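> Kindly return the folded structure for what I paste below:
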Amino acid sequence: MLAALATVTLAACGSEESASTTTTSGAPATTLAETTTTVAAPAPPPPCPVEPIQVVVSVDQWGDIVDQLAGECATVTTVISSSALDPHDYEPSPADIAAFTDAEIVVVNGCDYDHWAADTAAELSPTPVVVDACEVVGRTDGDNPHIWYGPDFVFAVAADVTAQLQQQLPAAAAYFTDRAAAWDASMQGYRDEIARIREAFAGRTYAATESVFDDMGDALGLARTTPEGFAQAAASETDPSPGDVQAFDQLLSSGGAGVLVYNVQTEGAIPQQVRATAEAAGVPVVDVTETVAEGATSFAEWQVAQLRALFAALDGQG
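Numbering: from 1, shown residues only. Below is the predicted model of the structure:
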């Protein structure tokens, strides 16, 4: 089970902020652990029929997925597995470089989210196969880089990873097909939660302190009402203007958003002000994280916990 985020301190983009829980004004906090069900972990993978290969993954949003898909046929090293490190400006250590040197497959997020990983892989000789999630889903630098929040994107990237594993180890192609099927089965709870929210709440409104959740919001059929100026400033990592902040406050105070989706890994007085306005207006605040939540044992468990917290918040707004 996911640990309750109420007791976890998270950081991203070089910042730290205490994580809190889904709240409404005057209502007791509801932890993610209280709103989630157990996500069945896939069965342990069988032994690999051939010599395993080395795979390096830049960030932990993809690390668990790649590890499950590879099973015992690869040693998977995830470079950034801590929420205290910022993928945007990370400088790989000598140990990281050594891991890349031995890699036959490198999985990166792309969209300029982790350019250091792609740059490191490109400088190696021989050059490893690079799975760039941004390219797989048809995005490019400047687009929303939070690809792992798009359900269709997650499955597309997983399929590409499996294809590359099979190409590198053709003698283990059937093994990787089985691993992909096992992983896909483990994601059923994730698909179910998405379908449940979409069926019950499609068309409902939400606002967000940044773009991390936008692809999931689209998949759920929710309508994002975040003021455009505020959203653009957050996407470009600049401070929104006072007018943008005022527009967000007015939106929340006037009932223009059913819930506020709040990235707890973003620090600063402005997001905190927006949150305070939402709470004062009785707008439920649903916390999400950019990286895998501490205590989560899998990508699916992390995402399902957040989706169930969102369902509870939307359901409470009736």
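
> C-alpha only now, for contacts and for neighbours.
OK.

> chain center to stretch 306-317: distance?
18 Å (CA atoms, centre = their mean, to the nearest Å).

> now for the helix or strand where Gln54 lies, which elements pack on it?
Using DSSP states H and E, Gln54 maps to strand 53-59. When contacts are defined as 3 or more CA pairs under 8 Å, 6 or more residues apart in numbering; DSSP states H and E, strand 53-59 packs onto strand 74-80, helix 94-102, strand 105-108.

> what's the helix or strand following it in contact with?
Sequence order places helix 60-70 as the next helix or strand after strand 53-59, per DSSP H and E. Defining contact as CA atoms under 8 Å, 6 or more residues apart in numbering, one finds that helix 60-70 is touched by 57, 74, 76-82, 107, 109, 148, 158, 161-162, 165, 176, 179-180, 183, 291-292, 298-299.

> before we move on, what about stretch 176-196?
39-43, 45, 65, 68-71, 158-159, 162, 165-166, 219-220, 300, 303-304, 307-308.

> I would like a PyMOL command selecting only the buried ones among the residues you listed, please.
To isolate the buried ones among these in PyMOL, judged by 16 or more other CA atoms under 10 Å, type:
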select buried, resi 39+42+45+65+68+69+70+71+158+159+162+165+166+219+220+300+303+304+307+308
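
> looking at it, His132 is touching Ile105, isn't it?
Actually, residue 132 is Asp. It isn't His. No. The pair Asp132 / Ile105 is not scored as a contact, 10.7 Å apart, by CA atoms under 8 Å.

> Give me the more crowded residue out of these two.
Ile105 (24 against 18; other CA atoms under 10 Å).

> how much space is there between that one and Ala309?
The gap separating Ile105 from Ala309 is 35 Å, by CA to CA, to the nearest Å.

> any chance you could map the strands in this structure?
Under the criterion DSSP state E, the chain carries strands at the ranges 9-12, 15-18, 53-59, 74-80, 105-108, 129-132, 205-208, 223-224, 259-263, 285-288.
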